[in-house]
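In: got a sequence here, can you build the structure:
(one chain, ligands or ions: 2)
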Amino acid sequence: MKYFINTYGCQMNVHESEKLAGILEDLGYSLADSDQVADVVVFNTCAIRESAEQKIFGNIGMLKQAKKQNPNMIIAVCGCMSQQKGYAELIVKKYPYVDIIFGTHNIARFKDFLNKRNKQKRVIEIVETEDISCRDNMKVARTSGVNAWVNITYGCNNFCTYCIVPYVRGREVSRPAADIIGEVEELLKQGYKQITLLGQNVNSYGNDILDDNVNFANLLQSLDNLPYKYRLRFMTSHPKDLSLKVLEVMAGSKNICHYLHLPVQSGSDFILKAMNRKYTVDKYLNLIETARKMMPDIQFSSDLIVGFPGETEDDFNKTLELVKKVRYQQLFTFIYSKRKGTVAETMDNQVDIKIKKQRLSKLIELEKGIATEISQSYIGKTVEVLVEGKHPKKQGYLMGSCDFGKTISFKGDDKLLGSFAYCLIEKANHTTLFGSITKIIQSSETEYNLPTNKIRRK
Ligand code: 5AD
Ligand code: SF4
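Out: Numbering: from 1, shown residues only. Ligands and ions are numbered 1, 2, ... in the order given. Below is the predicted model of the structure:
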């Protein structure tokens, strides 16, 4: 029996698909070559923008013929799109051949849903909350070579006015620190070299736990103290909650990367207020400056939305100014998309799509120039690289990443996977550095399962 998972959206979803794969592999399923020939197909969906939904609907539609030919095929739809009010009914109406629909809170019960489906035509289970302890500590069929993802919080309390996440993932819940530390330690023992902590807002970790000692800075410190050489990353940070203490722990650490993904969303105070982001441009820039003073080698990336309701040309120019000031290594740029049930949905002055597109391309062009300059500033320098995998196209070449988050490509033997090495940078473009290994710092004994299409992200 074969399975296939189509994953959409963020890293949180990719990791949850690894958990669903864990359930399926425990039941004896193995990975199919494509969803068309699988016995169980899962769509782990995203709702962040309308474009994601359209793509998912199209992809579910493409299974109609396959299901006709193999009526025993089970199609399950889960994740953020299913969790939205009224969507389970909508999915069934559009695609009556979908067998199982569940949401974001009950993925740990996937095995029960499969069993139930044996006895009834269709299973629809959407709940508002569920004890996280069952979702935690699930078996994870990891797919990611030297990388492993670890949840630290679920949900979000921030209600940024454009965002659907608090509605589909519920209120913020922190995982017990001992569970997180135990999971990371086990992963390091197994040979994983890069751990990324996941939460919608990692900086508010522990706010829902009464003990004052449970906070993000202390969690980072405990993880940094583990007796291994590895890289510790985290996302996503909210600028309103990123504390000086966290920056201090980062600056003094052995393993925490000097890289921050710090979404700013807009460079205009007026728009930030309308977005309910709870910081000003000045406050954000101060945070960047403080971090740079404490870690001169730090690099930043960010998320930016163009065309939020009421965004004028002047507001947009302020965003361009901010990008020029911060000089991000990488930007994730989005056109504002109206989401049902959010505060911004009913705001006046929705921006014309033509203007949104123009602003997006201006922003992308500006960022490309900055990212190229930042990359090229490393030419002639030696950086530490973690060897993460084979180059997808160039035979005999490997890919890796720098502490500060940049991708590097270099010549090397597959045996180097999982090693830390020094690399001399010779060339660079906006996305990638190109160099040569000069010295191995630490090699790895572990045999890695390289990323497969197990969790194919669309
Ligand atoms: N429209 C466009 N972009 C959005 N994001 C969240 N909601 C929306 C929306 N309605 C972006 C934000 C967030 C990232 C994950 O997605 O920039 O940081
Ligand atoms: Fe959405 Fe804001 Fe929460 Fe991020 S912090 S998930 S943008 S509501």
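In: ok, the residue lying farthest from the centre of the chain to Pro96 distance?
Out: No residue in the chain sits farther from the centre than Lys119, which is 36.1 Å out by Cα atoms, centre = their mean. The gap separating Lys119 from Pro96 is 19 Å, by Cβ to Cβ, to the nearest Å. From N, CA and C alone the C-beta is placed, and that goes for glycine too.
In: again, but for Arg233
Out: Applying Cβ to Cβ to Arg233 and Pro96 gives a distance of 43 Å.
In: who has more neighbours out of these two?
Out: Arg233 (20 against 10; other Cβ atoms under 10 Å).
In: and the average pLDDT for the strand or helix carrying that one is what?
Out: Element membership of Arg233 [criterion: DSSP states H and E] is strand 231-235. In this model, strand 231-235 has a mean pLDDT of 98.
In: just checking, next helix/strand downstream of that strand?
Out: Later in the chain than strand 231-235, the nearest helix or strand by DSSP H and E is helix 244-251.
In: what's next to that following helix, contact-wise?
Out: By Cβ atoms under 8 Å, 6 or more residues apart in numbering, the residues outside helix 244-251 that reach it are 203, 215-217, 220-221, 224, 256, 258, 290-291, 294-295.
In: repeat the analysis, applying 10 Å as the threshold.
Out: The contact list for helix 244-251, computed with Cβ atoms under 10 Å, 6 or more residues apart in numbering, reads 202-203, 205, 215-224, 232, 234, 237, 243, 256-260, 287, 290-291, 293-296, 298.
In: restrict that helix to CA atoms and write it as CSV.
Out: Extracted as CSV, the C-alpha positions of helix 244-251 are listed here (Å, rounded to 0.1, in the frame of the first residue of the first chain):
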residue,chain,number,x,y,z
LEU,A,244,17.2,42.0,24.5
LYS,A,245,17.7,38.9,26.5
VAL,A,246,17.2,36.7,23.4
LEU,A,247,19.7,38.9,21.5
GLU,A,248,22.2,38.5,24.4
VAL,A,249,21.8,34.7,24.4
MET,A,250,22.3,34.6,20.6
ALA,A,251,25.4,36.8,20.8
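In: and it with strand 231-235, angle?
Out: Helix 244-251 runs at 150 degrees relative to strand 231-235, counting by axes from the mean of the first three to the mean of the last three Cα atoms, to 10 degrees.
In: for helix 244-251, buried residues please.
Out: For helix 244-251, burial by neighbour count (16 or more other Cβ atoms under 10 Å) applies to Val246, Leu247, Val249, Met250.
In: go on, stretch 383-398?
Out: Val383, Glu384, Val385, Leu386, Val387, Glu388, Gly389, Lys390, Leu398.
In: so what's the fifth one up against?
Out: Meaning Val387. Taking Cβ under 10 Å, 6+ apart, we find Val387 in contact with 145-146, 193, 398-401, 408, 410, 412-421, 423, 437, 440, 443-444, 448.
In: give me that answer again for 6 Å
Out: Contact partners of Val387, counting by Cβ atoms under 6 Å, 6 or more residues apart in numbering, are Leu398, Gly400, Leu416, Leu417, Ser419.
In: quick check: bridge partners of the residue lying closest to the third one once chain neighbours are set aside?
Out: Taking Cβ to Cβ, 6 or more residues apart in numbering, and ignoring the residues beside it in sequence, Leu416 has Val387 as its nearest neighbour in space, at 4.6 Å. Going by DSSP bridges, Val387 is paired in beta bridges with Gly400.
In: skipping its backbone neighbours, what lies nearest Met294 in space?
Out: Nearest non-adjacent residue to Met294, counting by Cβ to Cβ, 6+ apart: Ala251, 4.3 Å away.
In: ugh, typo on my part, it should be Asn276
Out: In space, and not counting its chain neighbours, Asn276 is closest to Thr161: 4.9 Å by Cβ to Cβ, 6+ apart.
In: pretty sure that neighbour contacts Ala344?
Out: Yes. The criterion here is Cβ atoms under 6 Å, and Thr161 meets it with Ala344 at 4.3 Å.
In: and the longest strand along the chain, how far from the chain's centre?
Out: When the chain is parsed with DSSP state E, its longest strand is strand 432-442. Strand 432-442 sits 26 Å away from the centroid of its parent chain (Cα atoms, centre = their mean, to the nearest Å).
In: buried residues of it, list them for me.
Out: By neighbour count with 16+ other Cβ under 10 Å, strand 432-442 contains the buried residues Leu433, Phe434, Gly435, Ile437.
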